[in-house]
Structure formats: structure tokens, C-alpha cells
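Visitor: Here is my input, please return the structure:
(chains A and B)
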Amino acid sequence: MTCVQITAENLIEMLRQMLRIRHFEENLYQMYLARQVPGMSPHLSVGQEAVAVGVCQSLQKQDYLLTTHRGHGHVLAKGASMSRMLAEIMGKETGYCHGRGGSMHIADVSLNIIGANGIVGGGLPIAVGAGLSSLHLKKNAVTVCFFGDAASNIGSFHESLNMAAIWNLPIVWVCENNQYGLSTSIKGVLAGGSIAARAAAYAIAGVTVDGNDVLQVHEAAVRAVEEARSGKGPTLIEATTYRWYGHGASDNRSYRTKEEEARWKEKCPVKRHKSYLLTNNILGQAQIEAMEKQAQDEVQEAIRFANESPLPNPDTAGDYVFSEVL
Amino acid sequence: MSEMTYRGAIAQAIMEEMRRDPQVILLGEDVGKFGGAMAATKGVYEAFGPGRVLDTPISEAAIIGAALGAALTGLRPIAEIMFIDFTTCCMDQIANQVAKVRYMLGSQVTVPLVIRTQGGAGKSYAAQHSQSLEVWFAAIPGLRVVMPATAADAKGLLKSAIRSNDPVLFIENKVLYGEKGEVPDDPDFLLPLGKAAVVRPGRDATIVSYSRQLMIALEAATMLAAEAIHCEVIDLRTISPLDMKTILTSLEKTSRLVIVEEGHKSFGVGAEITARIMEEGFDLLERPVARVASRDTPIPFSPVLERATIPNAGKIAAAVKSMLAAV
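Guide: Residues are numbered from 1 along each chain as shown, chains lettered A, B, ... in the order given. Below you'll find the predicted structure:
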């Protein structure tokens, strides 16, 4: 079904990125359990890696990215440093935000990752502005805004999709439908039953893809990014996927069955892409194992970096509020 | 100098800054062809066109979010929220996003963003179109809150706000839009943010106020002068950060303080100033501080009720006199 041209190199890179995210978050989960991470439990995207990678592999450096409270995968896939992200999650001075933001506020503005968001739906209006400045300043940049299924019920989703549509902004709206807003199944709270179908109300393209198939996500993203870049306006992509862990790592997941979880784990996006690469003789088992090792090494290096990094000086807690002190 | 209205000074400030810097854009409901619900952006669309003056849908969250996203990516937006009462519809964007993004991102970004809005009672617009909500925003670190009282101040402060690299909530006043004043023509006429001004010198008591109530405080001062009571009147101009130095310097001379605001008395600007004087200048006071503010009720519709709810010159003068009489 793939019509979008994709090189073997791209396909391998996708696996590499998915493995980085998977290993990073699995390790982070263990670190949280071992009480090595301050604050609320990190929001893990294990099981959703294909969405982050399929989309980000369609982007160029100048493209903007906004993400959510569940955003580690997105920022890694756009090229962020694992070490600086983990240092931030541990509240260290060397973190991306010098310990001011934590897990829900990772950004690397030098990569045009302009923010994650602790407020459901909070990033969508901001994406409209990034789209606006791309047009105004003729930057040839596309803005990708990730959000979850639950965000499709908040007013800012509708305000933002409408505004981006009337102004024909170069934005790709990517909804990661991981089935739950904390404990609430999207099925019970989504009038109409489809998030992608809401695109029709704003006269923009809306597509649903299997969010556990990195190739399908990528193909939809490439098309949407091309449309946006060529002035044809926004697209809404709904990627159907599943959050393996709870809302946070401390969530006991009492609202769903072990059978349901097992069914989705069968559809593991990493396993699926590995088997695609093996079946098509793009990679052999030994090469995949080497990539696993490489990802694990990167995580270990990030842990070492974050552990050895200093905490911020408490005297600097008041820094960075304003750019100019009055 | 040219004589112009408060609204005319605002439009002029916007146009001068848009001319000076192509990155400045204006967006909001009815701000374009219509010239603004308060006619404070009249002529801007004609001068700069739809590329830089964007009429938006009634989508306050998206207006502020769009302005923020644009500010993060190279533009210098001026976003208008038609009534300050409507900021309730975009509180997430203002309080959680605009005010915090620079800090949360460890200073990776600057936020050159002005949110223009207007507040205040006095026109019988009832409880959802008459509020003075400045203290809500002054209580959020990361925002600056500026409230001009005159046409000249409106111009000088708005131009400074537009040139600032930090977010400013610029609160105009609906009753003042038609007030005229002499306004400097200099396209680089700027008034500093965060600085109060002594607008009438006096020795007997200090009256601190801002926005429309400043004009009413000046009326009260004129009334009192006829009775040989000489008030020093201070215009805060910026609510956050508060310029305590100017207030404390005045108190060194007068030892008496009346704070006048149109917001509700409880948890107001007066409460904050009073607390800071307790901390920073208690010994300067000869008498306890007095506050003249709106009653703690929603702003009523009927003009007679509205007048009874908000401050007026008589109430201010009475507060000053009772303070002096009590010596």
C-alpha cells in the first residue's frame, strides 16, 4: 500500500528511533519505581513509538513540533538529546530547562521543538501561532502538533482546528488515540466515534491510520506535511494506538483488562517493524541486536550523565522568569 | 504634541510600532476592518492590510495561543481580548502558557507578546462586561500588568510594551477611550514599564491610584485643595511589578496613604500595597492606610446601583478627610 518513496536507510532509522524511545522509557519506568525521579510519575508512551517516529521522520529541521505531557518519544524522534532530557526529568541543572520544567516540559528550541504541555489541549492554540509565523515570515516550516484522544473534547481543539483552517496554515494535527484519558475510555466520551471525522467540520483532510504501523503513520505524515508545505493547509491524522503503561507509571490500570492489554502488546509497533525489516531482508537478526545494544548504551550514557550532573543552585530559583528585570 | 483621544493614542502607538518593526502583527476579534469594538485599532487595517492585521473568530483561547506561538517563532504579536471579562475564556493560555513558558523552558525562549484588553465599570454594562480583574494577573509571576490613565501614557506605555521581550497584559479602560490629552508626536516616545509617576505634588496625604480611578482621585484632590488639603497623587501606571519606591518616597513626605482602585476591595491592589508598606515602610505611616475600592459584589447594571458600588471623588475625599481629622 505504500506509495511514498522510502529508502532502506529511512526504514532502519525508524527502528533505531523506536528503540531509543522504547529503551529510554522502559529504563525511566524502573528509575521511577526506584524513586530516582522526583515529582509525579512520568507519562510513558511505551507502545506508541510508531506514531512519534513515523511522523518525525517526515519532518525537516526547520519544522516546528509541539507535544504533550506524554512527549518523551516525540522529542527524541525529532533529535533531542537523551542525556539532557533525562537530566531535566531528574531536575538537574544540565537538563534542557535547567530543572525548571521536568518531564512534562521538555523542549529543545534549537531543534524547533517549541514546547511540551502539561495542560491537555494546551499546545494546539500555540501551534496555530507557529503556523502563522511560518506564513508571515515565509519560513517553509510545517508545524506538527501532537495531542491525545482526550484533547479532542476540549474547546481549544475546536478553536485551533477552525482557526488553522480558515487561515490555511501549514499545520499537521496528530492525534495519538491511545484509547484512554487517564481511566476514561475514549469510546464512552467521543460523540461520533471518530476523531479524524471531526476534520470534516473544519473542511480539512482527516485520516485514520494504524498507529502501531510506523510505515502507515509515516506515509500519512509525509502526505500531510507535503500538503501543508505546499500551501494546501492542515491535515488531521488520528493514529490509533495503545498506552501500555497507565496514565502515569503509578496508575494501577484497574479500568481495563489484562486481556485487552495483552491483545495490544501483540501489536507491538517495535516488534512489527523489526519483523518487516527481517522479512524484507533489510536487516538481519544480528544487526537488530546490535541496534538494541546501541540504544541501551545510549540510555546508560544518559543515566550516567544525569546522575553525575549537578542540581541547580537553589539561589537561582528566581532566574528566567523574565528576559529583562524591571 | 498633538491633542488626541486615549483610543487614538492607542491606535497611533500600534501603527508607529508596526511601521518600525515588520514583525509586529495585530490580531483579535473585530480589530481589522471594523477598527475594534472600542475603535482603538481604527486605521490599522487600512495601513497594514490583512497580512498583519488579523480578524479572528470568537476564539479567545486560540487568539492568545496563536499570539504566543507566533511570539515564540519570531513575530511580535499584539492580541486583543475585547473585554477583560473574556480572559476567563483563555485563562489557560494566559496563566499556564504565556506566563510560564519562558521559565518552564529554562529561558530557551523569549515571549514578546502584548495582550491588550479593557476593563472597568461606569457604563452600565453589568457584571460580565465591567470587571477590574487586574489583580488576577498581577498574582501570576511571568506577566506584567500595565494600566494607563491618560492618552499620552497609553501611547508611551503601549509602545514600551510592544518593544518589550516579555509578555505584557495591557489593560485599557472603557470609560477613558474618548478622553483627550496632549500626546507627544515623537515616534520614539516611550514610558518605562514598572515605574509609577507623581502626577500631582502635595504634602498632606498620598493618594495612589491608576487607570480611570486616577482621574477620579485627581478630581478628589482638586476638591480637597479648595479646603487647603494638599494631596500628592501617584499614578501606578504598572500594577505588576509595583513601583514601591515612588510610594515610599511620597510617604516620607506625607505619612498618610489612601489607595484607590476600581477592583474589589478584598485581595486588591490596595491590599498588596498595604502589606508591602507593613514590610518596607511601616514607620513612615502616621495613620493606618485607607482603601477606597469597589464593594465586594458583582458590578450591577442599573446606573444608580453601579455608582453605589464603585469609588467616586466624594468617597475618596471623605477617606482623606477622615484620616486627617483623626490626627
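
Visitor: Looks like residue A:324 contacts residue B:167 (just checking).
Guide: No - taking contacts as Cβ atoms under 8 Å, residue A:324 lies outside contact range of residue B:167: 11.6 Å. All C-beta atoms are positioned from the backbone trio N, CA, C, and that covers glycine.

Visitor: Tell me which helix or strand residue 270 sits in.
Guide: By default, I'm working from chain A. Assigned by DSSP states H and E, residue A:270 falls within helix A:269-279.

Visitor: Hmm, no, I was thinking of chain B.
Guide: Using DSSP H and E, residue B:270 sits in helix B:269-280.

Visitor: now swap in residue B:26 and tell me
Guide: Here residue B:26, judged by DSSP H and E, is contained in strand B:24-28.

Visitor: Give the pairing partners of that strand; include direction for each.
Guide: strand B:53-55 (parallel), strand B:76-81 (parallel) (DSSP bridges).

Visitor: mind listing the strands for chain A?
Guide: Ranges of strands in chain A, per DSSP state E, are A:64-66, A:113-115, A:143-148, A:171-177, A:180-181, A:184-185, A:205-210, A:235-240.

Visitor: just checking, which of these sits deepest inside the structure?
Guide: Comparing the strands of chain A by mean neighbour count (mean count of other Cβ atoms under 10 Å in any protein chain shown), strand A:64-66 comes out on top with a mean of 31.

Visitor: what comes into contact with it?
Guide: A:56, A:59, A:74-75, A:78, A:111-117, A:123-124, A:126-127, A:130, A:134, A:141-146, B:73 (Cβ atoms under 8 Å, 6 or more residues apart in numbering or on different chains).

Visitor: Among those, name the ones in helices.
Guide: A:56, A:74, A:75, A:123, A:124, A:126, A:127, A:130, A:134 (DSSP state H).

Visitor: Redo these as JSON lines? Include pLDDT.
Guide: Putting the ones in helices among the contacts of strand A:64-66 into JSON lines (pLDDT from 0 to 100) gives the following:
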{"residue": "A:56", "pLDDT": "98"}
{"residue": "A:74", "pLDDT": "98"}
{"residue": "A:75", "pLDDT": "98"}
{"residue": "A:123", "pLDDT": "98"}
{"residue": "A:124", "pLDDT": "98"}
{"residue": "A:126", "pLDDT": "98"}
{"residue": "A:127", "pLDDT": "98"}
{"residue": "A:130", "pLDDT": "98"}
{"residue": "A:134", "pLDDT": "97"}
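
Visitor: Now do stretch A:239-253: distance to the chain's middle.
Guide: Offset of stretch A:239-253 from its chain centre (Cα atoms, centre = their mean, to the nearest Å): 14 Å.

Visitor: Start and end of it, how far apart?
Guide: 22 Å (Cα to Cα, to the nearest Å).

Visitor: Report the closest residue of the stretch 151-300 of chain B relative to chain A.
Guide: residue B:194 (3.5 Å; Cβ to the nearest Cβ).

Visitor: would that residue count as being in a strand?
Guide: No - counting by DSSP: H, G, I helix; E, B strand; the rest coil, residue B:194 is located in no strand; its state is coil.

Visitor: How about the contacts made by it?
Guide: A:326, B:144, B:238, B:241, B:243.

Visitor: Which strand residues bridge residue A:236?
Guide: Residues in beta-bridge contact with residue A:236 (DSSP bridges): residue A:173, residue A:206.

Visitor: hang on, I meant residue B:231
Guide: Assigned bridge partners for residue B:231, using DSSP bridges, are residue B:205.

Visitor: Need the nearest residue in space to the most centrally placed residue in chain B, chain neighbours excluded.
Guide: Residue closest to the mean C-alpha point of chain B, counted by Cα atoms, centre = their mean, is residue B:147 at 1.4 Å. Counting by Cβ to Cβ, 6 or more residues apart in numbering or on different chains, residue B:211 is the residue found nearest to residue B:147 once chain neighbours are left out, at 4.3 Å.
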